[in-house]
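Participant: got a sequence here, can you build the structure:
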Amino acid sequence: MTIAASQPAHLRDVPFMGVIFVLDEATKVGFALGDPDWINLGQGQPEVGPLPDAPERIARVDLEPSDHAYGPVSGTRELREAVAAYYNDTFRRGRAGRYTADHVAIVQGGRLALSRALAALGETNVGYMLPDYSAYEDMLSLHLSRVTPVPVRTRPEDGFRLGAADLGGLVERSGVGAFLLSNPCNPTGAVISGERLDDLVRYAGASGCALLVDEFYSHYHYVPGQAGQWLPAEGPVSAAAHVTDPDTDDVLIFDGLTKNFRYPGWRLGWVLGPPGTIAVIDRVGSGMDGGPSRLVQRAALAALEPGYARQETAAVRAEFARKRNHAVAALRDMGVVVDAEPAGTFYVWGCLDGLPAPLNDGMEFFRRALEFKVITVPGQLFDVNPGRRRRGASPYTSWMRFSFGPGYDALTEGLDRLRQMVAKHA
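Facilitator: So this is what the prediction gives:
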């Protein structure tokens with residue numbers, strides 16, 4: 001899971017993040033992007049083509065002469081205003097505090113947005129969940145001279161969700177000054193919402209702990225229905241709905257067009273938070289990356305047009321709820337244990353303990369699935385361990401993340417192949 005052993009001595013050992021590792025390994029046995037013979041149930045992007053009842057995909061953008069020049073490090077004011085308006089319209093109706101352009105930094109992609117924020121932190125302890133997004137490991141590792149990562153392990157019996165009591169215990173024991181989490185969570189599909197999210201935001205504020213909330217899957221939100229079927233939720237989920245004062249509440253929200261609006265190739269993200277914090281993140285960006293593309297920002301304006309955004313997110317929840325139900329049922333049928341129902345994202349976090357050997361080990365499952373030209377992601381890749389300071393075996397060696405990001409037909413074919421693989425080892 002690291003770069004080649006022949007690397008020059010002056011380079012550090014850089015680990016692959018989860019999806020990149022599995023794609024690299026799959027490439028060694030014949031996988032190629034776009035090859036129709038392969039099914040990628042490890043993919044971290046949603047299907048990007050037409051969906052039922054979704055608006056037409058944005059296919060062109062008209063440029064102005066100024067778009068060929070450098071833009072503001074913080075992003076164009078026009079797009080920052082559009083992002084603020086989206087949050088006010090979606091999450092702040094009837095609330096006194098409103099977001100403005102000064103609460104928004106536009107960044108060229110989600111990982112870069114998160115990297116800017118972590119680079120802006122002073123010396124502090126930073127809490128995070130286990131399991132969580134694999135890229136957090138290297139992001140945090142880069143700042144170990146200033147930042148001390150402190151994990152808290154979420155539990156299957158609690159749906160892998162963090163609560164205010166969990167955060168409170170971490171603040172009291174370790175004095176964390178910031179907490180980083182994905183919500184909805186990649187890889188578990190857990191969603192912190194409603195009163196639980198409100199309690200978390202309020203406790204963080206009262207304790208002086210900043211919340212850094214990665215909401216790149218916030219549109220993928222599902223609720224229980226009848227006969228074990230889950231339905232699309234009424235709307236997205238966001239900590240923005242629980243912020244009391246956008247000017248002072250130390251809540252940073254990370255989102256963008258990559259997952260929620262299904263334009264991952266545009267590499268367009270943003271950070272939403274108090275103006276003073278956003279100003280520091282902009283200053284970090286002036287040295288780290290220089291700011292986002294004007295071209296992509298102009299195209300993004302169409303995606304954030306209110307009617308377009310509402311239609312797109314409704315279509316996403318409807319189609320992905322259908323795929324979610326299909327994936328969960330098929331995985332359970334072949335013996336994968338889904339301890340906690342995924343209420344968000346497009347992932348199923350499954351335990352392999354009930355499968356026959358060697359498929360009860362995540363890495364073995366992954367390698368055997370490659371023989372059927374199916375890509376999955378072993379759970380241990382989400383055991384975020386900055387600096388590799390924790391020793392011993394990962395608690396997630398018998399877990400897997402299965403993606404229902406591909407289209408329905410490809411998803412069905414991939415699940416059928418996994419079923420054949422399990423039957424072969426029965």
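
Participant: need the contact list for the closest residue to residue 84 other than its chain neighbours.
Facilitator: Spatial nearest neighbour of residue 84, excluding adjacent residues (Cβ to Cβ, 6 or more residues apart in numbering): residue 99 at 4.1 Å. (C-beta placed from N, C-alpha, C; glycine too.) Counting by Cβ atoms under 8 Å, 6 or more residues apart in numbering, residue 99 makes contact with 83-84, 87-88, 92, 240, 246, 272.

Participant: what's the closest of those to residue 327?
Facilitator: The closest of the contacts of residue 99 to residue 327 turns out to be residue 240 (Cβ to Cβ; 28.9 Å).

Participant: and residue 386, how close does it get to residue 327?
Facilitator: For residue 386, the distance to residue 327 equals 31 Å [Cβ to Cβ, to the nearest Å].

Participant: looking at these two, which is more packed in?
Facilitator: More crowded of residue 386 and residue 327, by other Cβ atoms under 10 Å: residue 327, with 26 against 21.

Participant: look up which helix or strand that one falls in, please.
Facilitator: Assigned by DSSP states H and E, residue 327 belongs to helix 306-333.

Participant: helices or strands next to that helix in the packing?
Facilitator: Packing partners of helix 306-333 (3 or more Cβ pairs under 8 Å, 6 or more residues apart in numbering; DSSP states H and E): helix 77-91, strand 222-224, strand 230-232, helix 294-303, strand 347-351, helix 408-425.

Participant: what's the most buried one of these?
Facilitator: Highest mean neighbour count among the helices and strands packed on helix 306-333 (mean count of other Cβ atoms under 10 Å): strand 347-351, with a mean of 25.

Participant: that strand vs helix 306-333, what angle?
Facilitator: Here strand 347-351 runs at an angle of 20 degrees relative to helix 306-333 (axes from the mean of the first three to the mean of the last three Cα atoms, to 10 degrees).

Participant: now the next helix or strand after strand 347-351: mean pLDDT?
Facilitator: Following strand 347-351 in sequence order, the next helix or strand is helix 362-370 (DSSP H and E). The average pLDDT within helix 362-370 is 98.

Participant: what packs against helix 362-370?
Facilitator: Here helix 362-370 touches helix 18-27, strand 377-378, strand 399-403, helix 408-425, going by 3+ Cβ pairs under 8 Å, 6+ apart.

Participant: direction included, what does the second one pair against?
Facilitator: This means strand 377-378. Sheet neighbours of strand 377-378, with direction, are listed as strand 399-403 (antiparallel) (DSSP bridges).

Participant: buried sites along the partner strand?
Facilitator: 399-403 (16 or more other Cβ atoms under 10 Å).

Participant: wait, what's in contact with residue 376?
Facilitator: Neighbour list for residue 376: 22, 41-42, 365-366, 369, 400-402, 418 [criterion: Cβ under 8 Å, 6+ apart].

Participant: please apply the same query to residue 167.
Facilitator: Shown in contact with residue 167 (Cβ under 8 Å, 6+ apart): 127, 152, 179, 200, 203-204, 207, 209.

Participant: apply 7 Å and report the result again.
Facilitator: Residues near residue 167 by Cβ atoms under 7 Å, 6 or more residues apart in numbering: 179, 200, 203-204, 209.

Participant: go on, residue 245?
Facilitator: For residue 245, the contact set (Cβ under 7 Å, 6+ apart) comprises residue 97.

Participant: distance of it from residue 197?
Facilitator: Residue 245 is 17 Å from residue 197, by Cβ to Cβ.

Participant: got it, and residue 14?
Facilitator: Relative to residue 197, and taking Cβ to Cβ, residue 14 is found at 34 Å.

Participant: more neighbours: which of these two?
Facilitator: Taking neighbours as other Cβ under 10 Å, residue 14 and residue 197 compare with residue 197 leading, 22 against 12.

Participant: thought residue 402 was touching residue 324?
Facilitator: No: at 10.7 Å, residue 402 does not count as touching residue 324 under the criterion of Cβ atoms under 7 Å.

Participant: give the residues shared as contacts by the two.
Facilitator: Common neighbours of residue 402 and residue 324 are not found (criterion: Cβ under 7 Å, 6+ apart).

Participant: list the contacts of stretch 330-347.
Facilitator: 46, 156, 159-160, 184-191, 217, 220-222, 230, 320, 324, 328, 348-355, 401-405, 415, 418-419, 422.
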